[in-house]
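>>> take this sequence and fold it.
(one chain, ligands or ions: 2)
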Amino acid sequence: MKLICVVNDPDASGADVSKLLTTDPALATQVLKLVNSAYFGLMEKVSDVHQAVVLLGMRQIRNIALGASVVRAFGNNAEEARFDPRKFWLHSIAVANLSMKVAQMLPATDPDQAYVVGLLHDMGKLVIHQFRHEEFMAILDRAEKASLAFYDAEPTRIESNHAEVGAWLAQEWELEHSIAEGVRWHHTPEKYAVHRLAGVCRFANYVCAIKFLQCPGSYDAVPLGEPVWEPLELTQADFLRVMNEADQEIAFAKDVLQSIT
Ligand SMILES: [Fe+2]
Ligand SMILES: [Fe+2]
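Ligands and ions are numbered 1, 2, ... in the order given. As a prediction, the model looks like this:
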């Protein structure tokens, strides 16, 4: 997980990132794939990594490197119809992109940190899937039968939940404290006023749910009209602005996922 620390370092320069790419051919290929994807609509194919860094910008390179390293850490093998890893990652990357958008509208909220919280917020589910598989399947059953969110079905089967497990993982990876707290509280509205990144993540999740891009494993109906902007002191107009950009962000998330898998 050293890569995550490097790409998440706010002091990392363009040269550091280029160096990282030259030592990681798989990542370099992914970056080139993304820069040549439909989203950017370039007339000519880019084959030089340095040029790709200039075109995409540091932020996108860091984001794709981070995405690629977590997908690598957990794998991407489709094995269960009810918990499709591709859908999981598409949800996570789309929430990350949208979280960055929302954070850009807020004072004193770091868009890069918001991206990382978005990307990692549900990762605790993968940990439970991997290490407590029987319980994971029981949670899925319960959520499906009772039309519940995964989070609401967890307490009957495990002593923790995916938000806490994800926060623990973020700490293990030595990510910033605020990132771990954003992950920890993303299902706890009372905390959004203090832990803004958690509120940002909730906002982005809600937009994704409306766009039928809920995380696999949740079976609850989307509560229409939830004022997700209120705890962040944003307005309904801000929400509609994000909604307007949601299709584009989800399309970009698809390109990112395709480039890293
Ligand atoms: Fe969650
Ligand atoms: Fe989610």
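>>> near ligand 2, which residues of the stretch 51-200 of the chain?
By the rule C-beta under 5 Å from the ion, the part of the stretch 51-200 of the chain lying against ligand 2 is D122. For every residue, glycine as well, the C-beta is placed using N, CA and C.
>>> rerun that using 8 Å as the cut-off
Within the stretch 51-200 of the chain, the positions lying close to ligand 2 (C-beta under 8 Å from the ion) are H91, S92, V95, H121, D122, H186.
>>> where does the prediction get shaky in the stretch 51-200 of the chain?
Applying pLDDT under 70 to the stretch 51-200 of the chain flags residues 75-80.
>>> in it, what residue lies closest to ligand 2?
D122 (4.4 Å; C-beta to the ion).
>>> count residues in the vicinity of that residue, would you?
Neighbour count for D122, taken as other C-beta atoms under 10 Å: 27.
>>> residues contacting it?
F88, H91, S92, H162, G166, C215 (C-beta atoms under 8 Å, 6 or more residues apart in numbering).
>>> one more time with 7 Å, if that's ok
S92, H162, G166, C215 (C-beta atoms under 7 Å, 6 or more residues apart in numbering).
>>> out of those, who's the most crowded?
H162 (27 neighbours).
>>> surely that one touches I128?
Yes: taking C-beta atoms under 7 Å as the definition, H162 is a contact partner of I128 at 6.1 Å.
>>> got the domain ranges for this structure?
Per automatic domain parsing, the structural domains of the chain span 1-74, 77-260.
>>> with respect to burial, which of those scores highest?
domain 77-260 (a mean of 19; mean count of other C-beta atoms under 10 Å).
>>> about what we covered before: reformat the contacts of D122 as TSV; add secondary structure.
Formatted as TSV, those follow (DSSP: H, G, I helix; E, B strand; the rest coil):
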residue	secondary structure
S92	helix
H162	helix
G166	helix
C215	coil
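>>> name the SS class of V183, please.
helix.
>>> which residues touch it?
V117, L120, H121, A163, G166, A167, A170.
>>> out of those, which is nearest to D152?
Set against D152, the nearest of these by C-beta to C-beta is A163 (11.8 Å).
>>> can I get the residues of the stretch 51-200 of the chain next to ligand 2 in CSV including secondary structure?
Listed next are those as CSV, based on three-state DSSP:
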residue, secondary structure
H91, helix
S92, helix
V95, helix
H121, coil
D122, coil
H186, coil
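>>> closest one of these to N205?
For these, the nearest to N205 is V95 (5.6 Å; C-beta to C-beta).
>>> surely that closest one is in contact with L120?
No: applying C-beta under 7 Å, one finds V95 not in contact with L120, separated by 9.7 Å.
>>> my read: A153 touches A143, true?
Yes: using C-beta under 7 Å, A153 makes contact with A143 at a distance of 3.9 Å.
>>> quick one: T235 from ligand 2, how far?
23 Å (C-beta to the ion, to the nearest Å).
>>> got a list of what the residue lying closest to that residue once chain neighbours are set aside touches?
Setting aside the residues directly before and after it, T235 is nearest to W229 in space (C-beta to C-beta, 6 or more residues apart in numbering), at 6.1 Å. Counting by C-beta under 7 Å, 6+ apart, W229 touches F203, T235, Q236, D238, F239.
>>> what ranges do the helices span in the protein?
2-7, 14-22, 25-35, 49-74, 85-104, 111-120, 123-131, 133-146, 150-153, 162-172, 177-184, 196-210, 236-260 (DSSP state H).
>>> what's the closest of those to E190?
Comparison of the helices of the chain against E190 by C-beta to C-beta identifies helix 196-210 as nearest, at 10.1 Å.
>>> now what about the closest one, what contacts it?
Contacts of helix 196-210 (C-beta under 7 Å, 6+ apart): 91, 94-95, 98-99, 102-103, 106, 109, 113-114, 117-118, 121, 178, 182, 185-186, 188, 191-192, 214, 222, 226, 228-229, 231-232, 242-243, 246.
>>> what angle sits between it and helix 85-104?
130 degrees (axes from the mean of the first three to the mean of the last three C-alpha atoms, to 10 degrees).
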